[in-house]
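Enquirer: got a sequence here, can you model it:
(chains A and B)
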Protein chains: 2
Amino acid sequence: MPVNLQAPDPKALHPVPGVRIGTAMAGVRKAHRKDVCVFVLDEGAAVAGVFTRNRFCAAPVQVAREHLAAARGIRALVINTGNANAGTGEEGLAHARATCAALAGHLGVEPTQVLPFSTGVIMEPLPVDRIVAGLPVALAGLKADGWADAAQAIMTTDTVPKAVSTQVSIGAQTVTITGIAKGAGMIRPNMATMLGFIATDANIDPSLLPALVRQAADQSFNRITVDGDTSTNDAFVLMATRRARHAAITALESPEGLALQEALIGVAQQLAQAIVRDGEGATKFITVRVEGGATADECRKVAYAIAHSPLVKTAFYASDPNLGRILAAVGYAGIEDLDQTKIDLYLDDVHVAQRGGRHPQYKEEDGQRVMKRSDITVRVLLGRGSAEATVWTCDLSHDYVSINADYRS
Amino acid sequence: MPVNLQAPDPKALHPVPGVRIGTAMAGVRKAHRKDVCVFVLDEGAAVAGVFTRNRFCAAPVQVAREHLAAARGIRALVINTGNANAGTGEEGLAHARATCAALAGHLGVEPTQVLPFSTGVIMEPLPVDRIVAGLPVALAGLKADGWADAAQAIMTTDTVPKAVSTQVSIGAQTVTITGIAKGAGMIRPNMATMLGFIATDANIDPSLLPALVRQAADQSFNRITVDGDTSTNDAFVLMATRRARHAAITALESPEGLALQEALIGVAQQLAQAIVRDGEGATKFITVRVEGGATADECRKVAYAIAHSPLVKTAFYASDPNLGRILAAVGYAGIEDLDQTKIDLYLDDVHVAQRGGRHPQYKEEDGQRVMKRSDITVRVLLGRGSAEATVWTCDLSHDYVSINADYRS
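Expert: Have a look, this model is predicted:
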């Protein structure tokens, strides 16, 4: 059961002018489920993406990077679930290229104008024929309000589709930002997420897009972890159709640029948090906030050490305020000159540890009260400086083990 | 249930001349169980240790380091289970010192000649009065053949006591090496293990002991992981009573020094592997061997990435040859210039992946056959050089979650 997360209301997902979406049931891994999704972009759209840092990156990630670098103007995205096309060698690259070529043929564009994405089981051959056979069906159903369908078509072990939409006013024009994401396990994005796609009609200079997407990733998908496993297929793509009629944004730090950034980061954060709320087996949503560090990097290290600790995660699952486990994780996070006598720990509003030891007023029942909540904030003060970092994660439950022990069956 | 591991036969544990051991039921956390253990060493023994690198190291670790540095000649060790005396601030340090002082008083030695060790729950005050009250009982029962009792008295979530003993001939004299260890969770030793104590009567120059204990740790306890959580209390101590009548060993690289090293590493490896075989919830014992690296360090990184991956560990638990998860872990292990097209993967004798893709002859049933075994070797060839590293770990099961969700109750 996802933690305080509901499926999006399709009516709340604003279409983005210049973007049409179609889906198909191609039988990639299972019959009778939407598993192929196509985005088609009007000419003139700008596209940028960030991808997994996993050195075993999947074939579609390699091809998508190539096609973005070719800079011919991206006109379509094709996404399949059920098979990651990773650990598939040369054949996998050929399959990803064949998928792009087939879609390009239907649309009358170049294969390098198509970006491929895959998610699912690793090291099994991509059933490229079935995916290609599904493309005409997806194209026949192209529509502007296909976002809810798309969110469903890219799910793997997700239990709810994830989509977020917002509108902001830029230069007195309404600008839309709508996005979808998927992911529940193998989640420890490193410069990207499992799969996230956000589109906007904002009229933004295409040269600004790579910085914008990276910034949004750093504030959202790069701050979450479910199990610490960085996927082979992580990708987060931003599409700007530039159809809104405001004056073009030519600097990210302009008032219009900042308005767009803020709205985009809001959408990306909601999607990223939705992935954690729907984390495999999750029963709790945990915000880990580390303050008082010498650098943001060391704060992130501490936050991830806490967020990855199986002992911390199982304690949350049990609602057991066994909070010394958090201090232990702080201690092994890799800050060589950490002084334990300067560490304070809070659980929501409860002051648990002071200067490295149990707070004299701390009572177990106060910790217990917070641990029973479904949304909890862990706050660690390092006493070393003024840097800070936040990471979102979930607990580790019996269901995580069940889901991953049974995933392929 | 531990994986292919039985409780030691007490008769097979050779006493070490110059070492006497006593235990007591002090009621540290639970009644009616041995939870305090005292080692008493004859005058002239040399002692060295390696300790956790966790910056949140426990009070007894800090005090043990101080007392070793004082170099007054260690005469006793006092170990309690049930409470780690970690995250306990100044009061915790006072408690550790009080324990040493009490034992030193009974023995007529200086407090700095006693080393304290604690293991158990973090961030709860040490019940120092109960421990001190247990010391006379432990001392009244001092005996040379107390190793099996000691192994039992230091257990926490361990399901079987862990003790190993061997004898070697050095300079035509029989030399004994006997040791115990404990640990099942919070196991990712960093320069030490949870708790390991090995004694020998070998006549070795005391100045060689620090290097010897570090070398043994690097070949044993520093190669295991259960859950990646580095404990606050890790300690591995080597005691040499120097009572054997061979000529003193004055160089580790001499034939006698090498014989001692080999036997010691053998005992330490067996104890370290016993910790993994008894890992919390373990159903499989996994050897991860990474070969063909440019450096041993990068091999270790890859081995630990595999050994820590919850997805790899749950696949082993399920006996599911979902082996792409191993490739994904190789990919995110942190080798920036890794070339995935050079990676080969074996599972025992089965060649699973070749040059980064599925091996053409690999059949799922072959992977399945190996995955059902209880002792499995994962072998990764990086194709970058001739360095290698081995790490031992276990799978991640429902029972791991149950044990750690219930540990304090």
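Enquirer: where does A:Tyr346 land in three-state SS?
Expert: Of the three states, A:Tyr346 takes strand under DSSP: H, G, I helix; E, B strand; the rest coil.
Enquirer: please apply the same query to A:Tyr400.
Expert: Assignment for A:Tyr400 (three-state DSSP): helix.
Enquirer: in which helix or strand would I find the closest residue in space to it that isn't next to it in sequence?
Expert: Closest residue to A:Tyr400 apart from its sequence neighbours, by C-beta to C-beta, 6 or more residues apart in numbering or on different chains: A:Gly281 at 3.3 Å. Placement of C-beta: from N, CA and C, glycine included. Under the criterion DSSP states H and E, no helix or strand holds A:Gly281.
Enquirer: just A:Val237 next, same as before
Expert: strand A:235-240.
Enquirer: just the CA coordinates of that strand, formatted as CSV?
Expert: Provided in CSV are the C-alpha atoms of strand A:235-240 (Å, rounded to 0.1, in the frame of the first residue of the first chain):
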residue,chain,number,x,y,z
ALA,A,235,16.2,8.6,-17.2
PHE,A,236,14.5,11.9,-16.6
VAL,A,237,13.5,13.9,-19.7
LEU,A,238,12.1,17.4,-20.0
MET,A,239,10.2,18.4,-23.1
ALA,A,240,9.5,22.1,-23.8
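Enquirer: close to chain B, is it?
Expert: No. Using C-beta under 8 Å from any C-beta of the partner chain, strand A:235-240 never reaches chain B; the gap is at least 14.8 Å.
Enquirer: run through the bridge partners of A:Lys162.
Expert: Taking DSSP bridges as the rule, A:Lys162 bridges to A:Ala181.
Enquirer: list the contacts for the residue lying closest to A:Leu327 once chain neighbours are set aside?
Expert: For A:Leu327, ignoring the flanking residues on the chain, the nearest one in space by C-beta to C-beta, 6+ apart is B:Gly87 at 4.4 Å. When contacts are counted by C-beta atoms under 8 Å, 6 or more residues apart in numbering or on different chains, B:Gly87 touches A:324, A:327-328, A:353, A:356-358, B:56, B:58, B:122-123, B:232.
Enquirer: ok but A:Thr23 is inside a helix, no?
Expert: No. The assignment for A:Thr23 (three-state DSSP) gives strand, which keeps it out of a helix.
Enquirer: and the residue with the largest distance to the centre of chain A, which of the three is it?
Expert: Distance from the C-alpha centroid of chain A, by C-alpha atoms, centre = their mean, peaks at A:Pro360 (40.3 Å). Judged by three-state DSSP, the three-state class of A:Pro360 is coil.
Enquirer: the helices in the stretch 151-300 of chain A, which residues?
Expert: Assigned by DSSP state H, counting those that start in this stretch, the helices in the stretch 151-300 of chain A fall at A:209-218, A:255-277, A:296-308.
Enquirer: which one, of the ones you listed, ends up nearest to A:Ala138?
Expert: Nearest to A:Ala138, of all the helices of the stretch 151-300 of chain A, is helix A:255-277, at 22.3 Å by C-beta to C-beta.
Enquirer: list the helices and strands the closest one packs on?
Expert: Applying 3 or more C-beta pairs under 8 Å, 6 or more residues apart in numbering or on different chains; DSSP states H and E, one finds that helix A:255-277 contacts strand A:162-170, strand A:173-182, strand A:195-200, helix A:209-218, strand A:285-293, strand A:387-394.
Enquirer: how far out from the middle of the chain is it?
Expert: 11 Å (C-alpha atoms, centre = their mean, to the nearest Å).
Enquirer: list the buried residues of it.
Expert: By 16 or more other C-beta atoms under 10 Å in any protein chain shown, the buried positions in helix A:255-277 come out as A:256-257, A:259-261, A:263-277.
Enquirer: over to stretch A:394-408?
Expert: Under 16+ other C-beta under 10 Å, the buried positions of stretch A:394-408 are A:394-405, A:407-408.
Enquirer: and these, which two are furthest apart?
Expert: Counting by C-beta to C-beta, the most remote pair of those is A:Asp395 and A:Arg408, 24.0 Å apart.
Enquirer: what residues go with each domain of chain A?
Expert: Per automatic domain parsing, the domain ranges recorded for chain A read A:10-277, A:285-406.
Enquirer: quick one, phi psi at the closest residue to chain B within the stretch 101-250 of chain A?
Expert: With C-beta to the nearest C-beta, the shortest gap between the stretch 101-250 of chain A and chain B falls at A:Ile122, namely 2.5 Å. Backbone torsions of A:Ile122, given as degrees, to the nearest 10, read phi -90, psi 150.
Enquirer: likewise A:Asp9?
Expert: When quoted as degrees, to the nearest 10, the phi and psi of A:Asp9 stand at phi -80, psi 120.
Enquirer: so what's it scoring on pLDDT?
Expert: Here, the pLDDT recorded for A:Asp9 equals 93.
Enquirer: could you measure from it over to A:Gln269?
Expert: Remark: distance between A:Asp9 and A:Gln269 (C-beta to C-beta, to the nearest Å) = 19 Å.
Enquirer: ditto for A:Arg325
Expert: Taken as C-beta to C-beta, the span from A:Arg325 to A:Gln269 is 27 Å.
Enquirer: hmm, who's touching the host helix or strand of A:Ala102?
Expert: For A:Ala102, the element it lies in under DSSP H and E is helix A:89-107. Here helix A:89-107 makes contact (C-beta under 8 Å, 6+ apart) with A:38, A:40, A:58-60, A:62-63, A:67, A:75-76, A:78, A:80, A:85-86, A:88, A:110-116, A:118, A:125-126, A:128, A:131-132, A:135-136, A:139, B:341, B:355-358.
Enquirer: which ones are touching A:Thr283?
Expert: Listed by C-beta under 8 Å, 6+ apart, the contact set of A:Thr283 reads A:1, A:3, A:317, A:374, A:394-395, A:397.
Enquirer: hang on, the earlier thing: pipe the domains of chain A into CSV and attach distance to B:Val288 per row.
Expert: Below are the domains of chain A laid out as CSV (distance: least, C-beta to C-beta, whole Å):
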stretch, distance to B:Val288
domain A:10-277, 16
domain A:285-406, 18
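Enquirer: re the thing from before, phi, psi of the residue nearest to A:Leu327?
Expert: The phi/psi pair for B:Gly87 (degrees, to the nearest 10) reads phi 70, psi 40.
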